[in-house]
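Chemist: structure, please.
(chains A and B)
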Amino acid sequence: KQEVTQIPAALSVPEGENLVLNCSFTDSAIYNLQWFRQDPGKGLTSLLLIQSSQREQTSGRLNASLDKSSGRSTLYIAASQPGDSATYLCAFAYGGSQGNLIFGKGTKLSVKP
Amino acid sequence: KAGVTQTPRYLIKTRGQQVTLSCSPISGHRSVSWYQQTPGQGLQFLFEYFSETQRNKGNFPGRFSGRQFSNSRSEMNVSTLELGDSALYLCASTVLGTGNTEAFFGQGTRLTVV
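Modeler: Alright, predicted model coming up:
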């Protein structure tokens, strides 16, 4: 059974800190990995998609890496801001279809001003 | 470019009733997937439709069903509602539904069963 684990479950940091969120998965034969952000009671916002042939992707203050051999992905957030407060979810595509994503339980991030 | 649209945003139903949720994908996207999100189980895959055909199905009872229309819009139906069906239901669309494409989610439908 494919599983995705996200550590830590919750994180509180002061504004301006750089931080790393971790995601580990049991199936190294993933097709790609996607990071999302979810605000309370809302849908998911796609942050970054790392294809299986890539090792990292960057968007603004965000950088995501993928190491298939170790079954890990990290999301690096630089110079955190209060507006970054949200739950961050990682998910990988299973069975060759981006339509079937396996999600972790998420990391709830709180950035204090 | 319009995003993924889900209607309605909120629903309150009584146990035993049935409910239909709707999802309009991003224009040009042919794959629509449905997920259930609860505090205890997190996000769980329900099913995926591509070109009007169910392509994948998660581990949910037969009370959960769906369909996709020729314009790629999708509906999800839950019959004989149970209290445990209370959840946020999210749909996602992708261009082709194959690997290496990005999934985009709607705002969800919050279903409360009383």
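
Chemist: what sits up against the helix or strand of chain A with the lowest mean pLDDT?
Modeler: Lowest mean confidence among the helices and strands of chain A (mean pLDDT, DSSP states H and E): strand A:97-103, at a mean of 79. Contacts to strand A:97-103, defined as CB atoms under 8 Å, 6 or more residues apart in numbering or on different chains, come from residues A:2-4, A:25, A:31-32, A:34, A:89-94, B:31-33, B:35, B:42-45, B:48, B:50, B:55-56, B:58, B:92, B:94, B:97-103. For glycine as for every other residue, the C-beta is placed from the backbone atoms N, C-alpha and C.

Chemist: ok, residue B:24 touching residue B:73?
Modeler: Yes: applying CB atoms under 8 Å, one finds residue B:24 in contact with residue B:73, separated by 5.0 Å.

Chemist: more neighbours, these two?
Modeler: Higher neighbour count among residue B:24 and residue B:73: residue B:24, with 21 against 15, using other CB atoms under 10 Å in any protein chain shown.

Chemist: burial measure for the closest residue to the more buried one other than its chain neighbours, as a count.
Modeler: Among residues not flanking residue B:24 along the chain, residue B:5 sits closest, at 4.4 Å (CB to CB, 6 or more residues apart in numbering or on different chains). Residue B:5 is flanked by 15 other residues according to other CB under 10 Å.

Chemist: cool, the one 10 residues further on as well?
Modeler: Other residues within reach of residue B:15 by the criterion other CB under 10 Å amount to 11.

Chemist: near chain A, which residues of chain B are found?
Modeler: B:4, B:6, B:31-33, B:35, B:42-45, B:48, B:50, B:55-56, B:58, B:88, B:90, B:92, B:94, B:97-108, B:110 (CB under 8 Å from any CB of the partner chain).

Chemist: please verify my assumption that the residue nearest to residue B:24 contacts residue B:26.
Modeler: No: assessed by CB under 8 Å, residue B:5 is found out of contact with residue B:26, at 9.0 Å.

Chemist: poorly predicted segments of chain B, please.
Modeler: B:1, B:97-100 (pLDDT under 70).

Chemist: grab the most central residue of it for me.
Modeler: residue B:34 (3.1 Å; CA atoms, centre = their mean).

Chemist: how about the strands in chain A?
Modeler: A:4-7, A:10-14, A:19-25, A:32-38, A:44-51, A:56-59, A:62-67, A:72-77, A:86-94, A:97-103, A:107-112 (DSSP state E).
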